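Asks: pasting the structure only:
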Ligand code: LLP
């Protein structure tokens, strides 16, 4: 059963009416279902256990999707590792209790300080995105007297058929090394003092709704592993990245079981430790953004619901024209007439629009709305643009709910600026 559904006239997350949470903690407010996070993670974990021994895979949750430490901690207790893309995320993951040996570090622009932190913490693997980065990692590791396990993130030149701004595996994208240059780079890495080139990594994009691009990328990676082994590289890990999509608009996402079957058929025969980096498919449908209608503005051809969440709280519609369903938190009666609304935020930008021309049961000032499927790339991408405090976040578990991040205080934002004393 869905963890978000109408019950007794109210939209509930697990056993709590969302209105109750909003009344207690205000809006805009992110709410996440612990049960849904758990179920989504277990879908990977249990399916993988069917095909691989437990010490042969690690599900490294992609922290960028939702990096709240309560979320990381919850997933960590279920056995998750972490895919991090910055020193900040690494710090968060470690602090939330993810073991260092289950952390992979991806990202195109790792600084020397970040590499040092990774080396010092002896993480599972650094995913290397370029030759100069390889040199930096080797230098940092050698200085620390360490040998760091690396995988090159290989760009397999596969089109993920997803939104242009979140596709990463085509040759024209900035990510990874060209698959053709991989053998030479592994040869080079093998001779470097601070480096153990033990893995191959790939990630072709996000919000994929079709498994075919994964199959194609995995085949290219498997062939590469064969080639690398033939030239004497001891490849012991394959990181297949993340990317499974979630339904935003009622679409059917790829089935985790079928995705894992691809791993079974193409990657498992390589007898490697398999790393996965799912983000959205774990956190996406576990979260909603609650927002209250401030004004109903009518006039001209449009009817605007002006809500208290803005593009700074949930950037996806403004950035990717992303669709998010919006539901009223009190159940409409079947007889309620619908009207057409544009749901817009208060930020001074035209792109601060969540939906245009959407049909909703007649509603107005004071109504609470839930912007659905906002658990991934919602709070983690929020900003304080327009000096709007970062929203609060709540974790729901059964009939209980806890604040896992208090609303940012305007005083804290303002106090961070420094006006120089130097006369102008
Ligand atoms: N691994 C790597 C190397 C990645 O770059 C990403 C996502 C993931 C794993 C996780 O992918 P997922 O399973 O979540 O699809 N802000 C955009 C999504 C950007 C994804 C960036 N990389 C959005 O809101 O749609």
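Replies: Right, received. Where do you want to start? The structure displayed is predicted, hence computed values, not measured ones.
Asks: residues in this protein within reach of the ligand, list them.
Replies: 62, 65, 83, 106, 166, 203, 206-207, 241-244, 277-281, 316, 320, 377 (C-beta under 6 Å from any ligand atom). In this view, the C-beta of every residue, glycine as well, is placed from N, C-alpha and C.
Asks: 5 Å instead, please
Replies: 62, 65, 106, 166, 203, 206, 241-243, 277-280, 316, 377 (C-beta under 5 Å from any ligand atom).
Asks: in stretch 138-149, what counts as buried?
Replies: 138, 140, 141, 142, 147, 148, 149 (16 or more other C-beta atoms under 10 Å).
Asks: what do you get for stretch 70-89?
Replies: So stretch 70-89, judged by 16+ other C-beta under 10 Å, has buried residues 70-76, 80-87, 89.
Asks: pLDDT on it, on average?
Replies: Averaging pLDDT along stretch 70-89 gives 98.
Asks: Quick check: end-to-end length of it?
Replies: By C-alpha to C-alpha, to the nearest Å, the extent of stretch 70-89 from end to end equals 13 Å.
Asks: What helices and strands are in contact with whichever strand or helix holds residue 117?
Replies: Counting by DSSP states H and E, the element that carries residue 117 is helix 112-120. With contacts taken as 3 or more C-beta pairs under 8 Å, 6 or more residues apart in numbering; DSSP states H and E, helix 112-120 sits against helix 87-95, helix 131-143.
Asks: Could you point out which of these sits nearest residue 381?
Replies: helix 87-95 (13.1 Å; C-beta to C-beta).
Asks: following the closest one, which helix or strand shows up next?
Replies: Downstream of helix 87-95 (by DSSP H and E), the next one is strand 103-105.
Asks: Each with direction, which strands does that next one pair with?
Replies: Taking DSSP bridges as the criterion, strand 103-105 sits next to strand 81-84 (parallel), strand 125-128 (parallel) in its sheet.
Asks: ok now it, how far from the chain's centre?
Replies: Here strand 103-105 is found 14 Å from its chain centre; the criterion is C-alpha atoms, centre = their mean, to the nearest Å.
Asks: quick one: contacts of it?
Replies: Residues outside strand 103-105 that contact it (C-beta atoms under 8 Å, 6 or more residues apart in numbering): 60, 81-85, 90, 93-94, 114, 118, 121, 123-127, 151, 201, 239, 275, 277.
Asks: average pLDDT for it?
Replies: What strand 103-105 shows for mean pLDDT is 98.
Asks: in stretch 287-302, what's buried?
Replies: Neighbour-count burial for stretch 287-302, counted by 16+ other C-beta under 10 Å, picks out 287, 288, 289, 290, 291, 292, 293, 296.
Asks: Check stretch 176-196 too.
Replies: In stretch 176-196, counting by 16+ other C-beta under 10 Å, buried: 176, 177, 179, 182, 185, 186, 189, 192, 194, 195, 196.
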